[in-house]
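Colleague: here is a sequence together with a model predicted from it:
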Amino acid sequence: MRKFILSAAIGLAATVMAGKPIAAHGPLFSPAPETIFKGGTEVTLGFHTERATGAGARETQDEPSLEVEYGLTADWEIGIEIPYAWKEDGDDAADGIGDITLGTKYQFWRRDLPGAQYKAAALLKVTLPTGDDGGAPRLGSGSTNVIAGLATGYESRRWYWFASGVYRVNGEGSGSLGKGDKQFLNLVGGIRPVLTGYKEPDTVLMLELNWEHAGRDDLAGTALANTGGWELFLSPVVWWTYRQIAVRGGVQIPIASGLNGNQPATDYRARFQVIYHY
Amino acid sequence: MSRIIRIAVFALLLLLPATAFAAQARYQLQIDGLACPFCAYGIEKQLSRTEGLATFDIDIDAGTVTVTMAEGASLTEAQADRIVNDAGFTLRDFTTLPAQD
């Protein structure tokens, strides 16, 4: 009983401190090598919020989403993510379905040890231009984009680490606007402070280091000066699980940046998810 | 008289369901990769689909799953290996335990 209360208290306290009305099982802002068990279905209800200010602009975005993954085998899963976005850019506001993402992940290497696992996986996603890109602000990219990445990690009863790299190729949107391609590199460390049994609540604390770089946007082949650059985030994350339910939350805090020209910089991003697998 | 009693007891034993005395097979699976409760649910899910399974107990710290089968049912090592692999782990050892009456 004492372990139950202590684990739940750590989980709830850390979720609140993560700062926001707060899959499976791994980093929150970067991909994990984990795949769901064969024949399993994982449903994630998520909420993402972010704000960027600068260059005379203030942009906010709130985005609940529904994500479903299915395990074709223990090493291969497919999934779909459907976001709904609320955006504000100065005096302009819009809301609606965003760009739907179809994805697959294949875990091509796994080494199991007593109480620990090493894993590596490759992921491939396609975002479809289902969000309205004609209004202001735009809810979608207006283009079909491809995301490919590699993720690896170690999970044990006490310690975790993950590393990943992702490349996003952005197609050309409407009006000959091309968004710059993006690259992501991530490092994550985690700890399970209290070891719990199978039918007990479980809490893991993580700290992510997320670097992202965007190429310059271009309009009809001409690069736009005040676009692109890089940002580096430090991101505390907590996840709490009980049987097949997981709740996790975290916040990305910008700690360094090198953005081109004069453009809004990220103030914060936060994410909260409730996950159920069966 | 005692002979009549012996015959009556023998007849009574024959009338009792044979399964009342059948043992339940038990096995212990030693599993590698079992690190967290959330992912261990995959083992529970695979086990729940196993025909003839009565109960199971997952011990994450020990890395073991103890399985008790229904009367008359059994589990092979090949079946256990498939269950564990489909859950995303590796079966390191399969042990038959003393049956449970």
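Modeller: Now that the structure is in, tell me what you want to look at. Numbers count the residues shown, from 1 in each chain, chains lettered A, B, ... in the order given.

Colleague: ok, now which ones touch residue 93?
Modeller: You didn't pick a chain, so chain A it is. Under the criterion of Cβ atoms under 8 Å, 6 or more residues apart in numbering or on different chains, the contact list for residue A:93 reads A:86, A:87, A:137. For every residue, glycine as well, the C-beta is placed using N, CA and C.

Colleague: oops, I was thinking of chain B
Modeller: By Cβ under 8 Å, 6+ apart, the contact list for residue B:93 reads B:28, B:29, B:30.

Colleague: again, but for residue A:223
Modeller: Counting by Cβ under 8 Å, 6+ apart, residue A:223 makes contact with A:216, A:217.

Colleague: what about residue 35, is that helix, strand or coil?
Modeller: I'll assume chain A. Three-state call for residue A:35 (DSSP: H, G, I helix; E, B strand; the rest coil): coil.

Colleague: can you give me the neighbour number for it?
Modeller: Residue neighbour count, defined by other Cβ atoms under 10 Å in any protein chain shown, stands at 27 for residue A:35.

Colleague: phi first, then psi, for it.
Modeller: As for residue A:35, its main-chain torsions (degrees, to the nearest 10) stand at phi -120, psi 150.

Colleague: my guess is it contacts residue A:78, does it?
Modeller: No - using Cβ atoms under 8 Å as the test, residue A:35 is too far from residue A:78 to be in contact (10.1 Å).

Colleague: thought residue A:72 was touching residue A:38?
Modeller: Yes - between residue A:72 and residue A:38 there is a contact under Cβ under 8 Å: 7.4 Å.

Colleague: of those two, give the one with the bigger neighbour count.
Modeller: A direct count of neighbours by other Cβ under 10 Å for residue A:72 and residue A:38 places residue A:38 higher, at 22 against 14.

Colleague: which element, helix or strand, includes residue B:4?
Modeller: Take DSSP states H and E as the rule and residue B:4 turns out to sit in helix B:2-15.

Colleague: ok, whichever helix or strand comes after that helix near chain A or not?
Modeller: Scanning the chain past helix B:2-15 towards its C-terminal end, the next helix or strand to appear is strand B:24-32 (assignment: DSSP H and E). Yes - using Cβ under 8 Å from any Cβ of the partner chain as the criterion, contacts between strand B:24-32 and chain A involve residue B:32.

Colleague: can you give the contact residues for strand B:24-32?
Modeller: Judged by Cβ under 8 Å, 6+ apart, the contacts made with strand B:24-32 from elsewhere in the structure are A:112-114, B:43, B:54, B:63-71, B:73-75, B:80, B:84, B:89-101.

Colleague: since that was my last question, I'll sign off now.
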